[in-house]
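Novice: fold the stuff below for me.
(chains A and B)
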Amino acid sequence: DAGVTQSPTHLIKTRGQQVTLRCSPKSGHDTVSWYQQALGQGPQFIFQYYEEEERQRGNFPDRFSGHQFPNYSSELNVNALLLGDSALYLCASSSLADRGGEKLFFGSGTQLSVL
Amino acid sequence: GNSVTQMEGPVTLSEEAFLTINCTYTATGYPSLFWYVQYPGEGLQLLLKATKADDKGSNKGFEATYRKETTSFHLEKGSVQVSDSAVYFCALSMAAGNKLTFGGGTRVLVKP
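Specialist: Take a look at the predicted model:
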């Protein structure tokens, strides 16, 4: 059983560009959350998707947007990249039936570098 | 808003030493509390959890007790191994959903 898979693993972009990161949830999971982890810091919640809709959103600007597909996979899009967007982007999946984050599975992340 | 504060690292220990990583939280309501571990090049893994006051979570020799009176969830291990070298994150989640609020992480380095 594959866990949470993310692609690509590494990405280099320049300021002003747009980027799309992808995530496939663990089998049986229907909810996908995205987190940003800056170097030396803890992950920060970006947003969560369920039934192809954004259910919760953290304190991130509208440049950060997402999408969830009928097969539960998800994309994170970031427009007008800034140097400060350089971070490890983590995807986590779970089942909505699981309350309180007790069975959240994380992918290994996409390391985004903005030059 | 909710927040988690944990001791800054790095923490450097010798093998078989005792490890403590302090974690305190601020939350409206009664959160579930977690410790996650991040090994080099890997994703976050749940280490242990506690869902209500006085619960003790334990796994792989690590323990943490949910202390409501001190709003703390300190992580302890009696005898660390080199393989315990990793970054440890304390986190909380409210019952309304799966959003996790993380602390800043504590890097632990265990030397042989």
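
Novice: quick one: B:Gly9 and B:Leu109, what's the gap?
Specialist: 8 Å (CB to CB, to the nearest Å). For every residue, glycine as well, the C-beta is placed using N, CA and C.

Novice: so what's the closest residue in space to B:Val108 that isn't next to it in sequence up against?
Specialist: Closest residue in space to B:Val108, ignoring its immediate chain neighbours: B:Val11 at 4.9 Å, by CB to CB, 6 or more residues apart in numbering or on different chains. By CB atoms under 8 Å, 6 or more residues apart in numbering or on different chains, B:Val11 lies in contact with B:19, B:21, B:106-109.

Novice: could you pull up the residues touching the residue nearest to the spatial centre of chain A?
Specialist: In chain A, the residue lying closest to the centroid (CA atoms, centre = their mean) is A:Trp34, at 2.9 Å. Counting by CB under 8 Å, 6+ apart, A:Trp34 makes contact with A:23, A:45-48, A:66, A:74, A:76, A:89-92.

Novice: can you check B:Gly43 too?
Specialist: Here B:Gly43 is in contact with A:3-4, A:90, A:105-109 (CB under 8 Å, 6+ apart).

Novice: try 6 Å this time
Specialist: A:106-108 (CB atoms under 6 Å, 6 or more residues apart in numbering or on different chains).

Novice: how about A:His10?
Specialist: By CB under 6 Å, 6+ apart, the neighbours of A:His10 are A:Gln111.

Novice: local confidence estimate at it?
Specialist: Looking at A:His10, its pLDDT stands at 96.

Novice: where does it fall, phi/psi-wise?
Specialist: phi -140, psi 150 (degrees, to the nearest 10).

Novice: is it bridged to anything, and to what?
Specialist: Counting by DSSP bridges, A:His10 is bridged to A:Gln111.

Novice: can you give me the strands in chain A?
Specialist: Along chain A, counting by DSSP state E, strands occupy A:5-7, A:10-13, A:19-24, A:31-37, A:44-50, A:53-57, A:64-68, A:74-78, A:87-94, A:105-106, A:110-114.

Novice: would you mind giving these as JSON lines with distance to B:Val80 added?
Specialist: Formatted as JSON lines, the strands of chain A follow (distance: least, CB to CB, whole Å):
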{"stretch": "strand A:5-7", "distance to B:Val80": "30"}
{"stretch": "strand A:10-13", "distance to B:Val80": "31"}
{"stretch": "strand A:19-24", "distance to B:Val80": "33"}
{"stretch": "strand A:31-37", "distance to B:Val80": "24"}
{"stretch": "strand A:44-50", "distance to B:Val80": "28"}
{"stretch": "strand A:53-57", "distance to B:Val80": "36"}
{"stretch": "strand A:64-68", "distance to B:Val80": "38"}
{"stretch": "strand A:74-78", "distance to B:Val80": "36"}
{"stretch": "strand A:87-94", "distance to B:Val80": "25"}
{"stretch": "strand A:105-106", "distance to B:Val80": "23"}
{"stretch": "strand A:110-114", "distance to B:Val80": "28"}
